[in-house]
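# Structure of the sequence below:
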Amino acid sequence: MLHESFFVLTNWLFGILALLAISLYVFGVYRSNQNTRLRKWSHMRLIFWISGTIISASALFGPLAVLSHAHFTWHMTGHLFLGMLGPLLMALGAPVTLLLRALPVQQARIVSRFLRSQFARFYIHPITAAVLNIGGLWLLYTTGLFTMMHNYLSLYVLVHVQMFAAGYLFTMSMLYIDPVSRRFSYRFRTVVFIFALAGHGILSKFLYAYPPQGVPVEEARVGAMLMYYGGDAVDLVIIFLLFRSWYQSASARQPIVPTAAQL
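From the prediction side, this is the model:
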């Protein structure tokens, strides 16, 4: 088991990263709003980013991090915060768009070239993002990795960083809130999302029947139910946003038919 001093270290590490993420975003908003040719940055996006950062970070430092280490139910709460709800809210903050607005032209072009690179295109691909997200969870909970991460600090940090990054990439690959080099069709993204949703649901049912090593049965069942229903709640929000965007896109392409009175 990880020593208490490890949590002091992670509290500082992730606490500073969270403050840095919020500070840089606020500075980016200030820089963007200085440009009179651009519209003022949305206050809602600022709220989304701050709340998402706080929710994500709460799984990594403070009381929840300590409880997650000892109780599977609290660990699953942290999983929902760090891998699903937090990344969704942060993605709604459109940080890449803000970065492009806030940077000088030359630096913004460098970021744009990176977004068009094969590396970025590979990881933002819906299938890649889904495999990293759902596949990573299967690897964590159905192998000895879950037990090992509670014994090694570096592995503990790596697993949680991967969980957040995979959740964020998956959200971005579904919703396209920020610019991407290639936009896949709504139908294709919906199909990928359905398979990812099924993979997440099947895993939660698997954990209900076969708890991870060292996790009490009743505790595992409560955690699995939280994973199933809590994950569905976040996924419903993504589905709503995806389908709303699909509807708006279809409406924009639909020709306007004049009425008899207008004729």
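# what's the following helix or strand after the least confident helix or strand in the chain by mean pLDDT?
Ranked by mean pLDDT, DSSP states H and E, the weakest helix or strand in the chain is helix 63-70, scoring a mean of 84. Remark: after helix 63-70, the chain's next helix or strand is helix 72-80, criterion DSSP states H and E.
# following that next one, which helix or strand comes up?
According to DSSP H and E, the helix or strand after helix 72-80 is helix 86-92.
# and that following helix, which residues are buried?
Across helix 86-92, burial judged by 16 or more other CB atoms under 10 Å covers 86, 87, 88, 89, 90, 91, 92. (Glycine included, C-beta is placed from N, CA and C.)
# can you give me how far stretch 30-43 is from the chain middle?
The chain centroid and the centroid of stretch 30-43 are separated by 25 Å, computed with CA atoms, centre = their mean, to the nearest Å.
# do stretch 70-88 as well
Chain-centre distance of stretch 70-88: 11 Å, with CA atoms, centre = their mean.
# Could you work out the end-to-end span of it for me?
End-to-end distance of stretch 70-88 (CA to CA, to the nearest Å): 27 Å.
# Outside of that stretch itself, list whatever touches it.
Outside of stretch 70-88, the residues within contact range by CB atoms under 8 Å, 6 or more residues apart in numbering are 52-53, 55-60, 64-65, 67-69, 133, 137, 160, 163-164, 166-168, 170-171, 211-212, 215-216, 219-220, 222-224, 226-227, 230-231, 234-235, 237-238.
# The same query, at a cut-off of 7 Å, please.
Here stretch 70-88 makes contact (CB atoms under 7 Å, 6 or more residues apart in numbering) with 52, 55-56, 58-60, 64, 67-68, 160, 163-164, 166-168, 171, 215, 219-220, 222-223, 226-227, 230-231, 234, 237-238.
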